[in-house]
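Peer 1: I would like to see how this sequence folds:
(chains A and B)
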Amino acid sequence: MKDGYDPAAVETKWQRLWEERGTNRFTLEELRAAKDPYYNLMMFPYPSAEGLHVGNIYAFTGADVHGRYQRLRGRTVFEPMGFDAFGIHSENFALKVGKHPMDLIPSNVANFTRQLRRIGGMFDWTHSVDTTDPAYYKWTQWVFVQLFKAGLAERKEAPVNWCPSCMTVLSNEQVIGGECERCGTAVEQRRIAQWFFTITKYAQRLLDNLARIDWSEKTKKAQVNWIGRSEGALLRFPVIDAKGTETGRVIEVFTTRPDTAFGATYMVLSPEHPLVDKVLDPGLIAPVYAYRDKARQKDLVARQKIDKTKTGVSTGGYCRNPATGEAIPIWIADYVLMGYGTGAIMAVPGHDQRDFDFATQFELPIVRVVAGPGDAASTPLAEAYVGPGVLVNSGRFDGIDVSESVRVLTEWAAAEGWGEGQVNFRLHDWCISRQRYWGPPIPIIYCDACGPVAVPESDLPVVLPRVENFKPDDSGVSPLAREESWYRTKCPECGADARRETDVSDTFLDSGWYFLRYPSTDFDDRPFDPTITKKWLPVDSYIGGHEHAVLHLLYSRFITMALHDLGHVEFEEPYDVFRAHGLIIAEGAKMSKSKGNVIVPDPVIEEFGADTLRTYLMFLGPFEEGGDYRQEGIQGPYGFLHRLWDSVTSAVEGTPDPDVERKVHQTIRQLTEQLPELQYNTAIAALMECLNTIRAGGRAFVRAEVAPLVPLVAPFAPHIAEELWERLGHSASIFDGPNWPAYDESKLAETRVTIAIQVNGKLRASISVAKGAAEPDIVAAARAENSVSRHLDGVSERRVIYVKERLVNFVVG
RNA sequence: GCCGGGGUGGCGGAACGGUAGACGCGGCGGCCUCAAAAGCCGCUGUCCUAACGGAUAUGCGGGUUCGAUUCCCGCCCCCGGUACCA
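Peer 2: Numbers count the residues shown, from 1 in each chain, chains lettered A, B, ... in the order given. Next up, the predicted model:
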């Protein structure tokens, strides 16, 4: 039965058998009855027209290796795959090639599916999802309706980022450095009424729960920063008129340093702050309006450039600093953002660098209210001082240390009635409206009498109609708003003429709950079955790209938490474990279409086979860090699989050599430890080393030596493993049973150890001794070595360091 | 600027504070073969030496230690994220 390794033949055979035998798929009954279920999730792809590149394959393979390992350990592993096919990518591409997304997506999905089968992923294709399928987005709309009914969806007019090229609104997250994430065009500001999920209501819980989920620290940290909790106080500054009388209006500010209130020498409103008109001196209307218009135009573009040179204008209005009782001027400036805090600040130029720069620019007073070590109350400031110290120029609070001054001043403001402690979050509400075509229509009907009404669940889905002209225009209204026959409808509550919402929802909503759907795709009368969901969720392992560390992962946590509160699921956190994979670069450079160095898998599989590609990708570097795909490097794993094939098919019966057997058991131990930790590159190196030992010097190897390597290599190279497993005499799939080998502690121990001999920390020799040899004997043997004794002659020995079974170090001098 | 992650042979990358460079690629020499594919054997950080053997080496500069790629302090550079967040 000795024949050559033919990857194409082996892979075709096993992919066919997996399909015929249903190796990787579950019936509903099997899902219900599964023993020791393990939900192995990976981020589903957007099915582009180009097909998968090795970057995608890398991520999926890493997750698949994990799933296959768990399965070999005896878990029942559910590993679904789907397609995130709505959204601006597909829509823009369709526009570009002049086709309809409804025609394009199915062929893209078919191509992706072909490629995913070809790399040997353990996917259950009977539980796939496609977010553009009405049978799926029916339930996406259902999720929206649940949140709407719970008061978590709000319609509000808000300044939004507008991309003049994509002609659509962008979320703050999609604006990168003032430019559109997708096309790089400078983003403008517009005000449009849109639907928001009030994720900010969950900010504290989203933050708190991070402590109890097993995610990479990096990812958690990114979420912590994104949520951006900061503690401080809300302070109220009364607006006064020219005579110094309070007008009844109040400027609210959020500050993390209420203790510096005595140093607040002016106020700054964001240019778009609603109070600007109220405090404005009529004589200054022209410059203030001019400034506001200018700020609006460059909004979110130039405003994100941090610049020492601040701009702004005085409104001519004043308010009273409640700490000092003094009148201070009110300015507007674009360094104060409407979207954070209250859109207004008390400026403390002595202790905030931005305020300091502004005050210097416009010659506003700068007062020191914190004295650092060695400073007096009158020590002038060359820049804002933010270090430790005590309060000064702060009336009866002088001398209080900054470590407690925030608390003391907050209590005082509260007692006086002009402020209280407050926690503020950087996190914004999640805008889900998109003035585009390619998404699920937001299931809302507007009725003049009843207001916005959710589409009744029995009427879902609101099907996205096939619209031939879906190109957005600069009117800013959704393409669906041009389809009168579609949007005209009756109010579900009162029956009056009404109008459908014509915006579609954000793709992050599609992906916000897809993991709930996979195990329940057998049901078309419910989004997720309670029993199945309880059995399979939360997700045991989630692997995906770090580019989704904040958005997708935060949004899906929020959706889950909301569904939990509404009684639909029993858990708050969707993913027990999350690990981010690294990025693959090619020949030392980032893969990109423009560089022309995008590696596509098909020709590689053609030449070397899927098993070799999978093994090579996992061998490139640490999975969580990524690696450099170099064309030539694939020869290593290719040769390794050939040698493995040769070894298994030509091995003879016999008794294993004890040294070789020890190596095999050490390898089993190493893989058993490293695979759950995703340390694939070193695990593969260990397998290669083990095979090298088995074959060393062309020795005759026996079956018992090589056989354990078959299950060990199976997660990486499942096809060849199946074939060799069969040739070893097994009739069932290697993955249908707990076939991971066990290692024997008693066979791990070395009989001899190599001891390094150093003199003053420099290696001079190494000796081999029997394990368990006594220290004095080892030191004596070490001393006897020529290359050691030569360095000990004529010098005085001060110390001898012995590290058990490792080294001897003679310290001389 | 801030927050992460990194800087190790020609290259990708290994190294519980204990023999730096595992494993692999590439290179060099040889074997097998009609030939190719696959495979097999040996060598391969740098410098000095005919050799034995030395010296030197993990971005840079210090420190702790018998001993530092690993720990500490101060820099430089690269990658990713983020950005006037009050």
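Peer 1: where does chain A have low pLDDT?
Peer 2: A:1-2, A:159, A:169-182, A:297-308, A:474, A:476 (pLDDT under 70).
Peer 1: Domain map for it?
Peer 2: Residue ranges for the structural domains of chain A, counted by automatic domain parsing, are given in the record as A:7-142+A:508-586, A:153-197, A:229-425, A:433-505, A:632-747, A:752-812.
Peer 1: Tabulate those domains in CSV, adding columns for distance to residue A:600 and mean neighbour count.
Peer 2: All C-beta atoms are positioned from the backbone trio N, CA, C, and that covers glycine. Listed next are these as CSV, based on distance: least, Cβ to Cβ, whole Å; neighbours: other Cβ atoms under 10 Å:
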stretch, distance to residue A:600, mean neighbour count
domain A:7-142+A:508-586, 6, 20
domain A:153-197, 23, 17
domain A:229-425, 37, 18
domain A:433-505, 25, 17
domain A:632-747, 14, 18
domain A:752-812, 47, 14
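Peer 1: Reformat those domains as CSV; add distance to residue A:610.
Peer 2: Supplementary listing: the domains of chain A in CSV, determined by distance: least, Cβ to Cβ, whole Å:
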stretch, distance to residue A:610
domain A:7-142+A:508-586, 5
domain A:153-197, 32
domain A:229-425, 45
domain A:433-505, 32
domain A:632-747, 7
domain A:752-812, 40
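Peer 1: RNA strand B contacts on the stretch 451-600 of chain A?
Peer 2: Residues of the stretch 451-600 of chain A lying close to RNA strand B (Cβ under 7 Å from any atom of the strand) are A:546, A:547, A:550, A:588, A:590.
Peer 1: List just the nearest of those to residue A:516.
Peer 2: Sorting those by how near they are to residue A:516, with Cβ to Cβ, puts residue A:550 at the top with 20.6 Å.
Peer 1: List the contacts of the nearest residue to that closest one once chain neighbours are set aside.
Peer 2: Leaving aside its chain neighbours, residue A:550 sits nearest to residue A:226 (4.4 Å; criterion: Cβ to Cβ, 6 or more residues apart in numbering). Contacts here follow Cβ atoms under 8 Å, 6 or more residues apart in numbering; on that basis residue A:226 touches A:426, A:427, A:550, A:554.
Peer 1: Could you check how far residue A:226 is from residue A:336?
Peer 2: The gap separating residue A:226 from residue A:336 is 21 Å, by Cβ to Cβ, to the nearest Å.
Peer 1: Make sure residue A:164 is actually in contact with residue A:188.
Peer 2: Yes: using Cβ atoms under 8 Å as the test, residue A:164 is close enough to residue A:188 to be in contact (6.1 Å).
Peer 1: quick revisit: before we move on, which element is the residue nearest to residue A:550 in?
Peer 2: For residue A:226, the element it lies in under DSSP states H and E is helix A:217-227.
Peer 1: Determine if any part of that helix is in contact with RNA strand B.
Peer 2: Yes: Helix A:217-227 reaches RNA strand B (Cβ under 7 Å from any atom of the strand) through A:217, A:218, A:221, A:222, A:225.
Peer 1: Just give the nearest non-adjacent residue to residue A:625, would you?
Peer 2: Distance criterion Cβ to Cβ, 6+ apart; nearest residue to residue A:625, sequence neighbours excluded, is residue A:582 at 4.1 Å.
Peer 1: Pretty sure that neighbour sits against residue A:618.
Peer 2: No: look at residue A:582 against residue A:618 with Cβ under 8 Å: they stay out of range, at 11.6 Å.
Peer 1: so residue A:811 sits in a strand?
Peer 2: Yes: looking at residue A:811 with DSSP: H, G, I helix; E, B strand; the rest coil, it is inside a strand.
Peer 1: For stretch A:667-682, give me every contacting residue.
Peer 2: Among residues not part of stretch A:667-682, those counted as contacts by Cβ under 8 Å, 6+ apart are A:62, A:65-66, A:69, A:579, A:618-624, A:627, A:683, A:686-687, A:689-690, A:708-709, A:712, A:715-716, A:740-743, A:748.
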